[in-house]
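Novice: A structural model of the following input is requested.
(2 chains)
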Amino acid sequence: MEKRRAAVTGIGVVSPLGNSASALFEALKAGRSGIRAMTEWHDYFGRNIAASPVTVDPVEAKKISRKIRRTMGNAALFAGLAAQEAVAQSGLNPEIFTSGRVGCIIGSTVGSASSMTEACIAEYEGRRNDLSACHFFRLMSHSSSFNVADLFGINGPQLSTNSACASGLQALGTALELIQLGKADVVLAGGSDESTPLVASSFQLLYALAEEESPEPEKLSRPFDAARTGLVCSEGAGILVVEEYEHAKRRGADILFEIAGYATNCSGWHVSHSDELQIANCMKAALADAGIAPEAVDYVSAHATGTKVGDHAEAAAIRSLLGDRVPVSSLKGHLGHTLGASGALELAAVHGMMRENLVLPTRNLETVDDCAGIRLPRTTEEHPVKVCLKNSIAFGGVNASLVCRKMD
Amino acid sequence: MENLMNREEIIRVINSIFVERFELDESELTPEKNIVDDLQLDSLDLVDMIIGFQQKFGINLRDNQEIRNVRTLENVYDLFEKLVREHPEIVEKMK
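Specialist: Next up, the predicted model:
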């Protein structure tokens, strides 16, 4: 029996470069950075660490009603707003959400880093009885997923693919599989996450953070660059409406692209070292799942966060599979690392590239040294982008790759 | 004993909790309003309402049975007028 196909009919984002897919893409095209010195974190770190924060004003937040918003930490709030944009773009009839045929899969590193910190501080200060009745719901690991499901009245499968930086892509891949298995016709899927001082310090402890104080913080995130010193924390959400292809065609939906294939694996030996062989195996398996040869790939949207070891391993994996023909870039030079949101959020930009037939470069990439042997554009290139491979690589040795294809 | 907080002040403090915590408009808060049916608070909100009273008045209401029986805003105002009268130290702590 022929496999059911999955099309993307809506995308929404909340990002440091704007709270819509179009705002994000225009900012990326203009080469803008969302990264700045976090003066508000100065007391915590003793200096101005750089990060890439999101801004959601109270009026925007109130697009979500109080009774849903009360159980949302920031990660779920970002996911909810992004989901509203994606659903609006999809043009889906709201009645479908309560049909039992719509699912919701959203992952994040933790349910809400900021809510977790608040709870710990309240506990430490003996004020736990002052916490809201809603507080636990904000920090539960599936908070984004159940809050977005409730926002739309979704009563189909609800899952939470919490795998740190691979959360978003695993959500999308699992959405594809649910649709292929016939267990859902539509899935809202993606990732969300928050950047807090504690989150940034977790990377700092591992010497994985670009923590130097710089007069030009926007230059600190430099994936693949010889002078890279680590990642810059960011936050946000990317939510996509993934819809069974025939279902989308029947209702005349505008199809943005197809999720043609997916694979996920793990290294099985180390929680923080990227494994070049398993990353390559993952990309190979995703392409095989899509029935697409490596020669047909037009662009790789890399995970590359700016860490020495991670970027090197991913570059080696890409080189072994695709050589130096295919343009590769990481959007984390502009955005920083949006953690659990990254795979899904960056796909909004990938769609923009597919739509406009261009490849965005890696911001701040000046000198290539240990990541040589792959094609790393320094400026925007114009050429057709029909097939794209998107990678996410996470702590825990988790890899995920998604193959996206423009539909004719 | 002199009432250190009159009913008007109690109403003002109580209403501020409903405005701040539940995004209600001051104009909706009239004494006859049923907290659940008219103001649309649900079970999670009722727990937060009690937490709000605890924080504003500096008292522990977890074991207070009367708070669980309130139905209207008037019931709440009456209860706190009684609590303030019986425990004037509440008002001292609030100052």
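Novice: Low-confidence stretches in the stretch 51-200 of chain A?
Specialist: Low-confidence segments of the stretch 51-200 of chain A (pLDDT under 70): none present.
Novice: What segments of the stretch 251-400 of chain A are strands?
Specialist: Along the stretch 251-400 of chain A, the segments classed as strands by DSSP state E, counting those that start in this stretch run A:257-266, A:299-301, A:328-329, A:358-359, A:381-382, A:387-394, A:398-405.
Novice: For chain B, find the nearest of the ones you listed.
Specialist: Closest of the strands of the stretch 251-400 of chain A to chain B is strand A:387-394, at 33.2 Å (criterion: CB to the nearest CB). Glycine gets a C-beta too; all of them are placed from N, C-alpha and C.
Novice: As TSV, the strands of the stretch 251-400 of chain A with mean neighbour count, distance to chain B and mean pLDDT would be great.
Specialist: Output for the strands of the stretch 251-400 of chain A, formatted as TSV (neighbours: other CB atoms under 10 Å in any protein chain shown; distance: least, CB to the nearest CB, whole Å; pLDDT from 0 to 100):
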stretch	mean neighbour count	distance to chain B	mean pLDDT
strand A:257-266	22	36	98
strand A:299-301	26	40	98
strand A:328-329	28	43	98
strand A:358-359	20	44	98
strand A:381-382	13	49	96
strand A:387-394	27	33	97
strand A:398-405	27	34	98
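Novice: Looking at those, which is nearest to residue B:92?
Specialist: Closest to residue B:92 of the strands of the stretch 251-400 of chain A, according to CB to CB: strand A:387-394, at 54.6 Å.
Novice: helices or strands up against the closest one?
Specialist: Where contact means 3 or more CB pairs under 8 Å, 6 or more residues apart in numbering or on different chains; DSSP states H and E, strand A:387-394 is packed against helix A:167-180, helix A:276-290, strand A:299-301, helix A:308-322, helix A:342-356, strand A:398-405.
Novice: Not counting the fourth one itself, show me its contacts.
Specialist: The contact list for helix A:308-322 (CB atoms under 8 Å, 6 or more residues apart in numbering or on different chains) reads A:223-224, A:228-230, A:273-277, A:279-280, A:283-284, A:294, A:297, A:300, A:302-305, A:326, A:328, A:330, A:370-374, A:391, A:393.
Novice: Please pick the buried ones from the residues you listed.
Specialist: A:223-224, A:228-230, A:274-276, A:279-280, A:283-284, A:294, A:297, A:300, A:302-305, A:326, A:328, A:330, A:371, A:374, A:391, A:393 (16 or more other CB atoms under 10 Å in any protein chain shown).
Novice: residue ranges with poor pLDDT in chain B?
Specialist: Within chain B, the segments meeting pLDDT under 70 span B:1-4, B:93, B:95.
Novice: Give me every residue in it lying close to chain A.
Specialist: Contacts of chain B with chain A, taken as CB under 8 Å from any CB of the partner chain, map to B:22, B:23, B:42, B:44, B:45, B:47, B:48, B:51, B:54, B:55, B:60, B:62.
Novice: Taking those residues, tell me the two that lie furthest apart.
Specialist: Across the residues of chain B next to chain A, no pair lies farther apart than B:23 and B:60, at 26.1 Å, counting by CB to CB.
Novice: Look at these two and report which has more neighbours.
Specialist: Neighbour totals were compared for residue B:23 and residue B:60, and residue B:23 leads with 13 against 9 (other CB atoms under 10 Å in any protein chain shown).
Novice: Test my guess that the more buried one contacts residue A:65.
Specialist: No: here residue B:23 does not reach residue A:65: they are 9.5 Å apart, not a contact under CB atoms under 8 Å.
Novice: count of neighbours near the residue nearest to residue B:55 when sequence neighbours are not counted?
Specialist: Excluding its sequence neighbours, the residue lying closest to residue B:55 (CB to CB, 6 or more residues apart in numbering or on different chains) is residue A:130, at 6.0 Å. Using other CB under 10 Å as the criterion, residue A:130 is surrounded by 13 other residues.
Novice: what's near enough to touch residue A:130?
Specialist: Residues in contact with residue A:130 (CB under 8 Å, 6+ apart) are A:122, B:51, B:54, B:55.
Novice: Which of the three states applies to the first one?
Specialist: Reducing the assignment to helix, strand or coil with DSSP: H, G, I helix; E, B strand; the rest coil, the entry for residue A:122 is helix.
Novice: tally of neighbours for it?
Specialist: Residue A:122: 15 surrounding residues under other CB under 10 Å.
Novice: List the residues that contact it.
Specialist: Counting by CB under 8 Å, 6+ apart, residue A:122 touches A:128, A:130, A:131.
Novice: Now render those residues as JSON lines, adding secondary structure.
Specialist: Output for the contacts of residue A:122, formatted as JSON lines (three-state DSSP):
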{"residue": "A:128", "secondary structure": "helix"}
{"residue": "A:130", "secondary structure": "helix"}
{"residue": "A:131", "secondary structure": "coil"}
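Novice: Just give me the closest of those residues to chain B.
Specialist: residue A:130 (6.0 Å).
Novice: Pull up the gap between that closest one and residue A:259, please.
Specialist: With distances taken as CB to CB, to the nearest Å, residue A:130 is found 45 Å from residue A:259.
Novice: can you pull the contacts of residue A:340?
Specialist: So residue A:340 contacts A:75, A:107-109, A:162-165, A:167-168, A:191-193 (CB under 8 Å, 6+ apart).
Novice: how much space is there between it and chain B?
Specialist: 26 Å (CB to the nearest CB, to the nearest Å).
Novice: where does that residue land on pLDDT?
Specialist: Predicted confidence (pLDDT) for residue A:340: 98.
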